[in-house]
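Visitor: My questions concern the predicted model and sequence given below.
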There are 4 protein chains.
Amino acid sequence: MSNEIPKPSVPAPDIVRCAYMDLVVTDLAKSREFYVDVLGLHVTEEDENTIYLRSFEEFIHHNLVLRKGPVAAVASFAYRVKSPAEVDAAEAYYKELGCRTERRKDGFSKGIGDSVRVEDPLGFPYEFFYDVEHVERLTQRYDLYSAGELVRLDHFNQVTPDVPRGRKYLEDLGFRVSEDIKDSDGVTYAAWMHRKQTVHDTALTGGDGPRMHHVAFATHEKHNIIQICDKMGALRISDRIERGPGRHGVSNAFYLYILDPDGHRIEIYTQDYYTGDPDNPTVTWDVHDNQRRDWWGNPVVPSWYTEASLVLDLDGNPQEVIKRTDASEMAVTIGADGFSYTREPGEERGFKVGAQL
Amino acid sequence: MSNEIPKPSVPAPDIVRCAYMDLVVTDLAKSREFYVDVLGLHVTEEDENTIYLRSFEEFIHHNLVLRKGPVAAVASFAYRVKSPAEVDAAEAYYKELGCRTERRKDGFSKGIGDSVRVEDPLGFPYEFFYDVEHVERLTQRYDLYSAGELVRLDHFNQVTPDVPRGRKYLEDLGFRVSEDIKDSDGVTYAAWMHRKQTVHDTALTGGDGPRMHHVAFATHEKHNIIQICDKMGALRISDRIERGPGRHGVSNAFYLYILDPDGHRIEIYTQDYYTGDPDNPTVTWDVHDNQRRDWWGNPVVPSWYTEASLVLDLDGNPQEVIKRTDASEMAVTIGADGFSYTREPGEERGFKVGAQL
Amino acid sequence: MSNEIPKPSVPAPDIVRCAYMDLVVTDLAKSREFYVDVLGLHVTEEDENTIYLRSFEEFIHHNLVLRKGPVAAVASFAYRVKSPAEVDAAEAYYKELGCRTERRKDGFSKGIGDSVRVEDPLGFPYEFFYDVEHVERLTQRYDLYSAGELVRLDHFNQVTPDVPRGRKYLEDLGFRVSEDIKDSDGVTYAAWMHRKQTVHDTALTGGDGPRMHHVAFATHEKHNIIQICDKMGALRISDRIERGPGRHGVSNAFYLYILDPDGHRIEIYTQDYYTGDPDNPTVTWDVHDNQRRDWWGNPVVPSWYTEASLVLDLDGNPQEVIKRTDASEMAVTIGADGFSYTREPGEERGFKVGAQL
Amino acid sequence: MSNEIPKPSVPAPDIVRCAYMDLVVTDLAKSREFYVDVLGLHVTEEDENTIYLRSFEEFIHHNLVLRKGPVAAVASFAYRVKSPAEVDAAEAYYKELGCRTERRKDGFSKGIGDSVRVEDPLGFPYEFFYDVEHVERLTQRYDLYSAGELVRLDHFNQVTPDVPRGRKYLEDLGFRVSEDIKDSDGVTYAAWMHRKQTVHDTALTGGDGPRMHHVAFATHEKHNIIQICDKMGALRISDRIERGPGRHGVSNAFYLYILDPDGHRIEIYTQDYYTGDPDNPTVTWDVHDNQRRDWWGNPVVPSWYTEASLVLDLDGNPQEVIKRTDASEMAVTIGADGFSYTREPGEERGFKVGAQL
């Protein structure tokens, strides 16, 4: 397609993992209450405009930046690369793609050194860095361990109108697809893509974009996620529980989606599976399989399909949102027009729709 | 009210706990697959028409009878009483109430001796017995312990049109109310009532009745319930998961509702609280509090309000179902006409609606 | 035996459950750090000499009193009775036994009204009360729920030289035996006795007494107990973990024993079983069965057999400790002289030594 | 040192992860009962002399081979490499080291293709392969999920007399050290080394070697490990529980050690941490820190230090075991001569001995 994003001639940067999200919030005190008091993320550092947060088992400076600003949005999806030289590689790669880039030797946020930010071909603000300040890894600080403790940043999720186009771009960038959702007409609705050895570092969700669908943190066990729900009930903010808890079909993780005071969506996630082998089987789900999004068949709420956060360009202005023209997953699966099934017609026993080989 | 059920002059039987349900199913093989293969209940004894099942920590002969019959229904809600003499007391009590009773020295089901069955004033088939065959208590048979093990029968739940009338009758019978749901007009929508030291042995749900809303089994921990969902997903019967899992507001238990092949509703339930003190505080919930049925505010599906199982009279014929005339909980809380809230208007922080004292 | 404690002619008081322990500690600040900061018990009230603590799901004023004093000891084992009149019954009962009693209309501790304390025939300070101040039951205050939350007071454990003598006395008082440990010579090493519908409200452990072996709090799930260990490791007080965690043979509960700053032993305990039926099967364990104390066969540390807390008389002086003359469980099961087995000789497959019927 | 193993001039093979162990057992039926009936590993294939087993989330043919033989021993520690060419690389690498190698295009076990086995410089039979038959990944087959399900092969552990020598060799081979145990005299007692993004794929334990200390499988949650203990208690084989369960200091994982019918040691392991960043902090523990092996300070049983399995050469004969000459961890930490501490002398509050940076 003329629309396809070309693969640069220079090597892609060697990405280690998703590392942090730079999030613009409109009321810093309210956001602090949500992320620190309710969710228990740990403050590495803070000032009147910015809060740097990390998860329990993290040793780099932060996994989340809360930055006060006029419009709730994402300022960057930041990845860690394997060495200082890979920041150069990232800059060269995006320059060849014709993308706007900005290099800062002192980083875009505290605790992080030489970095490059880019406006990527899908319109997302991506960031790449290696240098970072090590901080206390709290792994065995069980005196600080809350009942709903968030132990790792797990992944990003991005909304984009054309999933195959985005997938091809991310595969060129070195991501590998672990799972996807398609239909028999060849439409792709979503794809999960990883660098570290989990199901994903980021995923593409088909929809009007570029927008940020969610950022996900991991817990150790399932009961930790239930506790977060219970606590939100106790605080009478159960209306901020958007979807779940449940078991994903895709990824097999136990999950929960909640909304921060600006409506940024946070996933709490645990127990997906190892994907580190080079021939890790890709699982493809039928969009009409009603266990793909929730293994128990519990319905996806419409807002989960339609709502997402704006993303910023390198000047700090929101990127224009482009409509998806392909069929939407919500339209083909929810309501009177939507077709979905639990098991094949005529089947006494069910079957696993995803094919692994 | 003229409608009120009088309190007999003879003492009420001293009830220990809900002990078993006698359930008529239309396809015994399918029901066996559900209760034994999927849920893992243990077969004490079985023949071509009947299966006697017990939970992991039970030492009496059974907690559930599956009995082949033409119409799916409940043949009895059976309670254990404190001594053989209490069966006499039960018979006398219901005779004075003018109820039809049937006494059988050899019991109505295998493994159980002298029993009385009654058609109670609400139209339910109640049974009382003391004599019972002890069987192996599997408590430490961890070699038989499945990932979703059901360890105890916890409670019954009955649908009746006039909850205050039923509540008064059950209080006279010796039950104590742990929690209820009301509105500011004085309408009662549901009440939870116990003999053993948990939140309930039975509950009354307002609706067209007499019908059986559900029978509940307990697990040790929350992950056991999640496993049952996961297994139903794997078997591609997620469409039999009706509601949940979730955390109840009422009772505080973690719960799941599933449907057997006849549509009989089973609850899986864990971790309510101790109610054994004589002044155990009764918790009253506002019907408009959207955390009363699910602490996380997840919606109740309409079928949960409308569907229930028939109950049989002592001849084995279904009891006629009487319409509820009071406001229905579904009508006042779901849809365009339903009013409910997460926190009081103007409240920055939430509050606990239920009052305990 | 001439030594036997006679059964009074007046009725025994109707005991509901173990309700609180009055504990003398030598350094109140250190004890507060242990019970509040480490274990997370909730302070109902405190002053410079006394701290009143309760567990998460409690609605009476307290489950534990920490009282500053010169000698670490137990000032009372307090039981709640079914009505105000039962306090009179208790007083009369112990008077007939010839025991010293003290009645206080305003109670022995804050939040509790009319009570009687006695020096019981075994030398223990027992207390009986009904009147009590209701406080906020925190059951759904998940905003206060710690990862190792203690949700209920579960039981006491008392050391006494002659277990059969003590058992007979407690049975007369209305307790029922759920489990015991014996040998083939008829020696009884321990007995578990309940009023509420769990395995015990108190237990008798054979040894030099009267002494307090431990007081136990319950958690919801097993991981809560593991978190307490993890936190004690993080605080570098793992030397205060005396025994466990493990699975008890007796009671089937998952357990942990830890030591407070004075050496008072605390058990953390979860998931024993329902005992409320009148014919609940009593389980008898062979003292030589090495799974009786730990189902996994992990050894009991000697201090667990030998160490225990002093108890006070009604003047606040420590009761004299009488030596056990029967064989000690430690002597017959630990070390070169101790005989124990995992399975019967010649058995390929193991068997459950405890007999339930 | 003259003793040092030289680094070859050719590149080390690119290892993905530990993949399977080839284990010789003396009674195949007894071993099958242990690994299949007790532990629930899944049989991919079996014949009268060999059983191929895999864990729940595995998609390659097997993680464990049970092979009938005259002497209980390990026939290979097998690693998966990144591509077919890396098998050539492995062969060249060990040839340059002067090691005996054997190449088999059809593999050494069913389901695996082109492989090379070597007698490595430490005397261990290492194997490298890429080609493998994909089988059904059971990840969402919750209908097969047991309460103590083993979901992944996690790591090997090898006993060798000279840990620094072995560590240098494995670092040359591309492993990275996540944690180690040392003393102030510079003696190294153990080291943990990884290729995949967990704490280890293999570890070196100081002792008489070459021997296999254990092979470890992961569970999802901690309760799964407790269930394995409970089940072994129910089967009256608690004497095969050697050590634990507990929380490791090193690795932070929740663990259990059990013994198979031949005395091969199996670890069950869950919830270590992510190590995928290039600068993942190495944690060094003091050998005298009594929380290094068990975070709760529970003692290590002597057999855990002294017992281990033989390993075979490429002819199938047991390798000669060489004595460790350095101080042994058992000698310096257990018994009258052993010195260990819970917290620094004079410290009121504890501290974390391991340094992460």
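Guide: Received the coordinates, thanks. Remember, it's a predicted structure, so these values are computed and weren't measured experimentally.
Visitor: Model confidence score at the closest residue to chain C within the stretch 1-150 of chain A, please.
Guide: For the stretch 1-150 of chain A and chain C, the shortest gap (Cβ to the nearest Cβ) falls at residue A:142, measuring 3.8 Å. C-betas here are computed from N, CA, C, even on glycine. On pLDDT, residue A:142 comes in at 98.
Visitor: Got phi/psi on it?
Guide: Residue A:142 adopts backbone torsions of phi -70, psi -10, taken as degrees, to the nearest 10.
Visitor: Identify the bridge partners of residue A:255.
Guide: With beta bridges defined as DSSP bridges, residue A:255 has these partners: residue A:246, residue A:269.
Visitor: does it really touch residue A:249, like I thought?
Guide: No - Residue A:255 is beyond contact range of residue A:249, at 10.7 Å (criterion: Cβ atoms under 8 Å).
Visitor: Correct me if wrong: the residue of the stretch 1-150 of chain A closest to chain C contacts residue C:238.
Guide: No - contact criterion Cβ under 8 Å: residue A:142 and residue C:238 do not qualify, at 11.2 Å.
Visitor: picking that back up, contacts only, for the residue of the stretch 1-150 of chain A closest to chain C.
Guide: Applying Cβ atoms under 8 Å, 6 or more residues apart in numbering or on different chains, we find residue A:142 in contact with C:147, C:227, C:230, C:231, C:233, C:234.
Visitor: now stretch A:133-148: how far from the chain's centre is it?
Guide: Here stretch A:133-148 is found 23 Å from its chain centre; the criterion is Cα atoms, centre = their mean, to the nearest Å.
Visitor: What is the end-to-end distance of that stretch?
Guide: The straight-line separation of the ends of stretch A:133-148 (Cα to Cα, to the nearest Å) is 26 Å.
Visitor: And the contacts of the one helix or strand residue A:266 maps to?
Guide: Using DSSP states H and E, residue A:266 sits within strand A:265-270. Identification of contacts with strand A:265-270 by Cβ under 8 Å, 6+ apart yields A:39, A:148, A:150, A:154-155, A:157, A:212-222, A:224-225, A:228, A:242, A:251, A:253-260, A:304, A:307-309.
Visitor: Which residue does the stretch 251-357 of chain A have closest to chain C?
Guide: Nearest to chain C in the stretch 251-357 of chain A, going by Cβ to the nearest Cβ, is residue A:270, at a distance of 13.2 Å.
Visitor: Pull the number of nearby residues for that residue.
Guide: Residues within reach of residue A:270, counting by other Cβ atoms under 10 Å in any protein chain shown, total 24.
Visitor: Could you measure from it over to residue A:151?
Guide: Separation of residue A:270 from residue A:151 (Cβ to Cβ, to the nearest Å): 9 Å.
Visitor: Next, show the common contact partners of those two.
Guide: Taking Cβ under 8 Å, 6+ apart as the contact rule, residue A:270 and residue A:151 both touch A:218, A:219, A:220.
Visitor: Next up, the contacts around the first one.
Guide: In other words, residue A:218. Counting by Cβ under 8 Å, 6+ apart, residue A:218 touches A:55, A:150, A:151, A:152, A:153, A:154, A:268, A:269, A:270.
Visitor: how about a cut-off of 10 Å?
Guide: Each residue near residue A:218 by Cβ atoms under 10 Å, 6 or more residues apart in numbering or on different chains is listed here: A:55-57, A:149-155, A:198, A:224-225, A:253, A:267-272, D:274.
Visitor: Give the bridge partners for it, please.
Guide: In this structure, residue A:218 bridges to residue A:152, residue A:269 when assessed by DSSP bridges.
Visitor: ok so, going back, who touches both of residue A:142 and residue C:238?
Guide: Overlap of the contact sets of residue A:142 and residue C:238 (by Cβ under 10 Å, 6+ apart) consists of C:229, C:230, C:232, D:247, D:295.
Visitor: So for the helix or strand bottoming out on mean pLDDT in chain A, what gets flagged as buried?
Guide: Scoring the helices and strands of chain A by mean pLDDT, DSSP states H and E places helix A:329-333 at the bottom, with a mean of 92. Residues of helix A:329-333 classed as buried by neighbour count (16 or more other Cβ atoms under 10 Å in any protein chain shown): A:329, A:330, A:332, A:333.
Visitor: What helices and strands are in contact with it?
Guide: Other helices and strands packing on helix A:329-333, by 3 or more Cβ pairs under 10 Å, 6 or more residues apart in numbering or on different chains; DSSP states H and E, are strand A:188-194, strand A:202-206, helix A:302-306.
Visitor: Can you tell me which of those is nearest to residue D:313?
Guide: Nearest of the helices and strands packed on helix A:329-333 to residue D:313, taken as Cβ to Cβ: strand A:188-194 at 39.7 Å.
Visitor: do the closest one and chain D meet at all?
Guide: No - using Cβ under 10 Å from any Cβ of the partner chain, we find that strand A:188-194 stays clear of chain D, coming within 11.1 Å at best.
Visitor: For the buried residues of helix A:329-333, could you give me TSV that also reports distance to residue B:94?
Guide: Compiled in TSV, the buried residues of helix A:329-333 are given as follows (distance: Cβ to Cβ, whole Å):
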residue	distance to residue B:94
A:329	58
A:330	56
A:332	57
A:333	53
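Visitor: And those residues, which two are furthest apart?
Guide: Using Cβ to Cβ, the buried residues of helix A:329-333 span at most 7.6 Å, a distance reached by A:330 and A:332.
Visitor: Any buried residues in whichever helix or strand residue A:93 is part of, and which?
Guide: Element membership of residue A:93 [criterion: DSSP H and E] is helix A:85-96. For helix A:85-96, a neighbour-count test (16+ other Cβ under 10 Å) marks A:86, A:87, A:88, A:89, A:90, A:91, A:92, A:93, A:94 as buried.
Visitor: Looking at the residues you listed, spot the one nearest chain D.
Guide: Lowest distance from chain D to the buried residues of helix A:85-96 (Cβ to the nearest Cβ) belongs to residue A:86, with 10.1 Å.
Visitor: Touching, the closest one and residue A:115? I think so.
Guide: No - with contacts counted by Cβ atoms under 10 Å, residue A:86 stays clear of residue A:115, the gap being 11.3 Å.
Visitor: joint contacts of those two?
Guide: Shared contacts of residue A:86 and residue A:115, defined by Cβ under 10 Å, 6+ apart, are found at A:128, A:129, A:130.
Visitor: Apart from its neighbours in sequence, what residue is nearest the second one?
Guide: In space, and not counting its chain neighbours, residue A:129 is closest to residue A:115: 3.9 Å by Cβ to Cβ, 6 or more residues apart in numbering or on different chains.
Visitor: do stretch A:202-211 and chain D meet?
Guide: No - judged by Cβ under 10 Å from any Cβ, stretch A:202-211 stays clear of chain D, getting no closer than 15.8 Å.
Visitor: Perfect, I'm done here.
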